[in-house]
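S.K.: Coordinates for the following, if possible.
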Amino acid sequence: MVARVLRPEGMGFIFLDAHPAGCAATADAMISEATRERRSAAELAAGAGPRALVIGCSAGYGLAAVVAGLFGHDAGIIGVCYERAATSRRSASAGWYRTATLADRAAEAGLVFEAVNGDCFDPAVRAGVLSRAADVFGQVDILIYSVAAPRRTDPRTGTVYHSAVKPIGAAYQTRSVAFADGVVLRESMQEPASDAEIEATVKVMGGEDWETWIADLAQRDMLAPGFQTAALTYVGSELTAPIYRLGTIGRAKDHLEATAARLTGGVLAQASGAALTCAHSAAVTMSSLAIPGVSLYLSLLHNVAGDAAESPVRQSARLWGHLTGCDLGPTDALGRLRLDDWELADQVQAELHARWQAGTGDLAHGLADLDWFRRQIWQLYGFDVPGVDYTRPVEVDVPWPARSDHPS
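M.R.: Reported below is the predicted structural model:
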């Protein structure tokens, strides 16, 4: 057990280490927000809360969904994530520390939360998670699917597919925020995707794996009556559409949405269940930072939306309200739950369009909140979090949360 002083060192948006205390403080802040959003006793169903699986539970909207479910709805949750342990040279990943903190806080509150560290695409991992869920819950009421991965191995063929972030049909030029001796905007040109890259991205980020999780639950007779499942998605603005919704990722999202309809009309019909996709708003996550132009878009959005902006925890509270029937949210013609209403409001988008083409100097002096964006990146790794003393050595070898003894 060795304590170290950790610094935010790395390249671009990728840091070499994560700070355990900062990650813990970030998780605690999310828990405090979820507690403020908590449903009243009258609104919560009598008895135990819903039994849920969250696939992709350690970062972004998946993490927010776990926090909102545990501390807003008394849900029992088994989560799946893929995180890195500490080594002799490096800290564990940020998601490792956030998950450990969340498990501690849930245990202190008398809530059921377990996390499995493994590749959700691996059939052996899925089988182990479902066996554990059968032991702890019996049946499952809710499954939330929040997976954004760079690659996936097809278990039937062994083929490894790599997702691509590219436009379709024509090249796309945009500017992205970068930090190099200050804040700069860098131009980039993305060439259009090949048919093979489109197919691979759908294989990784489409609905095939989500559908397999549901099919395996059904095969084990683990779908509770009225079972609900939601896959998290993003629609986005016209400003980022060429690289997102009209690009390779958008093609995968189309497949995800078609999968929801197929699940509802197929395997879920016997349980009187339903599947939907849930469109969240743009947020600073490791996944979103990989998309050209989204860094600039997020910096502008923060300034333009102001108090109208909703955090991932707040949006996740709305998602749980919909899934539990406490507060049904707005759905569109495609059956998507729309929690991005504040981002896509006409007045917000009009102002974003006006600022999008501004010069670098104007953006750096108030049109975009670039300092906020930098802090958000640092906080993904547990740095620049208020109240944390970064001059003190901190223990990096934090154990993965152990299983608890739960009644069947």
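
S.K.: tell me the contacts of the closest residue to Pro150 other than its chain neighbours?
M.R.: Nearest residue to Pro150 in three dimensions, chain neighbours excluded: Ser163, at 5.8 Å (CB to CB, 6 or more residues apart in numbering). Using the backbone N, CA and C atoms, a C-beta is placed for each residue, glycine as well. The contact partners of Ser163, by CB atoms under 8 Å, 6 or more residues apart in numbering, come to 149-152, 200-201, 204-205, 248-249, 252.

S.K.: backbone phi and psi for Val147, please?
M.R.: Here is the backbone geometry of Val147 (degrees, to the nearest 10): phi -120, psi 120.

S.K.: Please look at it and Gly56 and confirm they touch.
M.R.: Yes: Val147 is within contact range of Gly56, at 4.3 Å (criterion: CB atoms under 8 Å).

S.K.: any residues in contact with both of the two?
M.R.: Joint contacts of Val147 and Gly56 (CB under 8 Å, 6+ apart) are 62, 120.

S.K.: Flag the shaky bits of the chain, pLDDT-wise.
M.R.: 1, 41-47, 180-183, 360, 364, 405-408 (pLDDT under 70).

S.K.: and with 80 instead?
M.R.: Low-confidence segments of the chain (pLDDT under 80): 1-2, 12, 39-48, 179-184, 359-366, 404-408.

S.K.: Do you have the helices of it handy? List them.
M.R.: Under the criterion DSSP state H, the chain carries helices at the ranges 20-36, 60-73, 94-108, 123-136, 195-205, 208-219, 248-265, 294-305, 312-323, 346-356, 360-362, 370-380.

S.K.: Format the contacts of Ser163 as TSV; extra columns: neighbour count and distance to Arg314.
M.R.: Shown next, in TSV, are these (neighbours: other CB atoms under 10 Å; distance: CB to CB, whole Å):
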residue	neighbour count	distance to Arg314
Ala149	17	26
Pro150	13	28
Arg151	13	32
Arg152	23	31
Ala200	22	34
Thr201	25	30
Val204	25	29
Met205	26	25
Thr248	26	30
Ile249	26	24
Ala252	23	26
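
S.K.: can I get these in TSV with distance to Ile78?
M.R.: As requested, these are arranged in TSV below (distance: CB to CB, whole Å):
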residue	distance to Ile78
Ala149	19
Pro150	24
Arg151	24
Arg152	21
Ala200	29
Thr201	28
Val204	23
Met205	23
Thr248	31
Ile249	28
Ala252	25
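
S.K.: So which residues make contact with stretch 203-218?
M.R.: Residues from elsewhere that reach stretch 203-218 (CB under 8 Å, 6+ apart): 53, 55, 120-121, 126-127, 130, 140, 143, 145, 147-152, 154, 161-163, 223, 227, 229, 231, 249, 252-253, 255-260, 262-263, 267-268, 270-271, 275.

S.K.: Just the buried ones from the residues you listed, in ChimeraX syntax?
M.R.: Here is the ChimeraX command that selects the buried residues among those (16 or more other CB atoms under 10 Å):
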select :53,55,120,121,126,130,140,143,145,147,148,149,152,161,163,223,227,229,231,249,252,253,255,256,257,259,260,263,267,268,271,275
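
S.K.: Tell me how far stretch 276-289 lies from the chain's centre.
M.R.: 6 Å (CA atoms, centre = their mean, to the nearest Å).

S.K.: Which residues does the lengthiest strand in the chain contact?
M.R.: Using DSSP state E, we find that the single longest strand of the chain is strand 223-233. Outside strand 223-233, the residues that touch it by CB under 8 Å, 6+ apart are 51, 61-62, 65, 139-146, 207, 210, 214, 217, 253, 256-257, 259-260, 263, 268, 270-280, 319, 323, 336-337.

S.K.: tell me the angle of it relative to helix 248-265?
M.R.: Interaxial angle of strand 223-233 relative to helix 248-265 (axes from the mean of the first three to the mean of the last three CA atoms, to 10 degrees): 160 degrees.

S.K.: chain center to strand 223-233, what's the gap?
M.R.: In terms of CA atoms, centre = their mean, the centre of strand 223-233 is set 17 Å apart from its chain centre.

S.K.: what pairs with it, and is each one parallel or antiparallel?
M.R.: strand 140-145 (parallel), strand 274-279 (parallel) (DSSP bridges).

S.K.: Let me know the angle separating the last one from helix 60-73.
M.R.: When you say that, I think you mean strand 274-279. Angle, strand 274-279 to helix 60-73, by the same axes, to 10 degrees: 120 degrees.

S.K.: Strand 274-279 relative to helix 208-219, how many degrees between them?
M.R.: Using the same axes, to 10 degrees: strand 274-279 against helix 208-219 is 150 degrees.

S.K.: Export strand 274-279 to CSV, keeping only CA atoms.
M.R.: The C-alpha trace of strand 274-279 is given here as CSV (Å, rounded to 0.1, in the frame of the first residue of the first chain):
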residue,chain,number,x,y,z
ALA,A,274,-41.5,-2.5,-23.0
ALA,A,275,-38.2,-1.3,-24.5
LEU,A,276,-37.3,2.3,-25.4
THR,A,277,-34.4,4.5,-26.1
CYS,A,278,-33.8,7.6,-24.0
ALA,A,279,-32.3,10.7,-25.6
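
S.K.: residues making contact with it?
M.R.: Applying CB under 8 Å, 6+ apart, the contact partners of strand 274-279 are 214, 227-235, 253, 256-257, 259-261, 263-264, 268, 319, 322, 331, 335-340.

S.K.: Thanks again, I'm all set now.
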